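[1] A structural model of the following input is requested.
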Amino acid sequence: PISSLDHDYEWRVALRLSQLARDRQVLIFTHRLSLFGAVEEAAKKMGDSWKKDNLVQRFIRVYQGISGHPTEEVVASANTKKANNILLDRLNQAISAGSKNGPEAYERDAQVICTEFRKLLERTVEDDLLNQVVKRHRRSVQTDNRLGALSCITPEDCQLIDGLMTKYSAFEHSQSSETPVRIPEGDELRADLKRLVVWRADFHGRPSKPMA
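    Numbering: from 1, shown residues only. Purely as a prediction, here's the structure:
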């Protein structure tokens, strides 16, 4: 529905589709995350209860060479804490598969985990570090009772997340064949996943500093 439209018209389309959904079923297919976020925000303007009852978001994936399989994409849609734990569970399964079927089995699953971890780190910046004040695919900046948490950010927080982002970016973006990507072994990958778990718990447990 948004072919050749700029962001302003994309937003108007999202609002119009939400209005139409008040008395009919509306199905939207898109590959643009900006529209995905716009529809979510437009539905929220209809009221939180309406959004909860009427907005259903699904992802479509490729499986065994066939596209079109619907999935809820648990890691992508879960909150960051739950997504982190899901990846730790998947890592245990990958290590078990490697023990039974060899290193190739582990590396196949671990590579997917590394890719999902990179995406989780992006969401961690938005949802945890920046407390959802700004999000990439949302038009509005939301400051209501959110800015105080930003005063808790330290240089060490930024260094930790920046280091993990740099390390795992190779699994999200194409790399030169001359510099092949090394998939971390189980203990190393688990340590990185747990570092983020520990950091998140510490960060959210800090008292907000008074704003000057």
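[2] can you pull out the strands in this structure?
    59-63, 66-71 (DSSP state E).
[3] and the last one, which residues are buried?
    Judged by neighbour count (16 or more other Cβ atoms under 10 Å), strand 66-71 contains no buried residues. (C-beta placed from N, C-alpha, C; glycine too.)
[4] Could you dump the strands of the chain into CSV and include distance to A21 and mean pLDDT?
    Formatted as CSV, the strands of the chain follow (distance: least, Cβ to Cβ, whole Å; pLDDT from 0 to 100):
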stretch, distance to A21, mean pLDDT
strand 59-63, 19, 75
strand 66-71, 19, 78
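[5] of all the ones you listed, which lies closest to E126?
    Of all these, it is strand 59-63 that lies closest to E126, at 18.3 Å by Cβ to Cβ.
[6] So what angle separates the directions of that closest one and strand 66-71?
    130 degrees (axes from the mean of the first three to the mean of the last three Cα atoms, to 10 degrees).
[7] Any idea how far strand 59-63 is from the middle of the chain?
    Offset of strand 59-63 from its chain centre (Cα atoms, centre = their mean, to the nearest Å): 16 Å.
[8] Which strands and helices lie in contact with it?
    strand 66-71 (3 or more Cβ pairs under 8 Å, 6 or more residues apart in numbering; DSSP states H and E).
[9] Send over the strand it packs on as CSV, restricted to the C-alpha atoms.
    Output in CSV follows, covering the C-alpha atoms of strand 66-71 (Å, rounded to 0.1, in the frame of the first residue of the first chain):
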residue,chain,number,x,y,z
ILE,A,66,9.4,-22.7,0.6
SER,A,67,8.4,-19.2,1.5
GLY,A,68,5.1,-18.1,3.2
HIS,A,69,5.3,-19.9,6.5
PRO,A,70,3.7,-17.8,9.2
THR,A,71,5.5,-17.4,12.4
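[10] For it, which strands pair with it and how are they oriented?
    Strand pairing for strand 66-71, using DSSP bridges, gives strand 59-63 (antiparallel).
[11] Check which residues of the partner strand are buried.
    Buried-residue list, strand 59-63, by 16+ other Cβ under 10 Å: empty.
[12] measure the residue nearest to A78 when sequence neighbours are not counted to R32 for me?
    Distances taken as Cβ to Cβ, 6 or more residues apart in numbering place I86 nearest to A78, at 6.5 Å, with adjacent residues excluded. Remark: distance between I86 and R32 (Cβ to Cβ, to the nearest Å) = 25 Å.
[13] More neighbours: those two, which one.
    I86 (16 against 12; other Cβ atoms under 10 Å).
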